[in-house]
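Student: got a predicted structure plus its sequence, pasted below:
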Amino acid sequence: MREPKGVRNVNNGVQLLYEFKNGYGASVIKSPFSFGSSKGLWELAVLHNDAICYDTPITSDVVGHLSDDEVDELLDKIEALPAKMELLTESSEVL
């Protein structure tokens, strides 16, 4: 599996964090509470701006029961997503 940007201990398990230039990222976990951990498998959540994102073509929820290779495949797909357009705020100027 590719090298994560960060690693944290969570819920008696491990969380791997990934960030990409398109503003997306991923949280990949293996803990007693994640889908597939009892079989040594991973659970992945797509992130956008550090929050779980439920509206990508990849998934509308978390994806569990993933092997290392399947995690890498999903990370490639997340990295290839087009960047989201950020909404202008009231303080933003439009030229």
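Tutor: Ah, there it is.
Student: quickly find the element holding the spatially most central residue of the chain.
Tutor: Note on the chain: the residue nearest the mean C-alpha position is residue 26, at 1.6 Å, using Cα atoms, centre = their mean. Residue 26 is located in strand 24-30, with elements delineated by DSSP states H and E.
Student: next helix or strand past that strand?
Tutor: strand 42-48.
Student: buried sites along that next one?
Tutor: Buried residues in strand 42-48, counted by 16 or more other Cβ atoms under 10 Å: 42, 43, 44, 45, 46, 47, 48. Bear in mind the C-beta positions are built from the backbone N, C-alpha and C, glycine included.
Student: how many residues are close by the nearest residue to residue 54 once chain neighbours are set aside?
Tutor: Closest residue in space to residue 54, ignoring its immediate chain neighbours: residue 60 at 5.2 Å, by Cβ to Cβ, 6 or more residues apart in numbering. For residue 60, the count of nearby residues is 10 (other Cβ atoms under 10 Å).
Student: the helix or strand hosting residue 69: which residues count as buried?
Tutor: Assigned by DSSP H and E, residue 69 falls within helix 68-79. Residues 71, 74, 75, 77, 78, 79 are the ones in helix 68-79 that count as buried (16+ other Cβ under 10 Å).
Student: about what we covered before: quick one: contacts for the residue nearest to the centre of the chain?
Tutor: For residue 26, the contact set (Cβ atoms under 8 Å, 6 or more residues apart in numbering) comprises 16, 17, 18, 44, 45, 46, 47, 74, 75, 78.
Student: what about the closest residue to it other than its chain neighbours, distance to residue 77?
Tutor: Once flanking residues are discounted, residue 26 sits nearest to residue 18: 4.5 Å by Cβ to Cβ, 6+ apart. Here the criterion is Cβ to Cβ, to the nearest Å. By it, residue 18 lies 12 Å from residue 77.
Student: same question, residue 44
Tutor: Distance of residue 44 to residue 77, computed by Cβ to Cβ: 10 Å.
Student: for residue 55, same thing?
Tutor: On the measure of Cβ to Cβ, residue 55 and residue 77 end up 15 Å apart.
Student: ditto for residue 83
Tutor: Shown here: residue 83 relative to residue 77, a distance of 15 Å by Cβ to Cβ.
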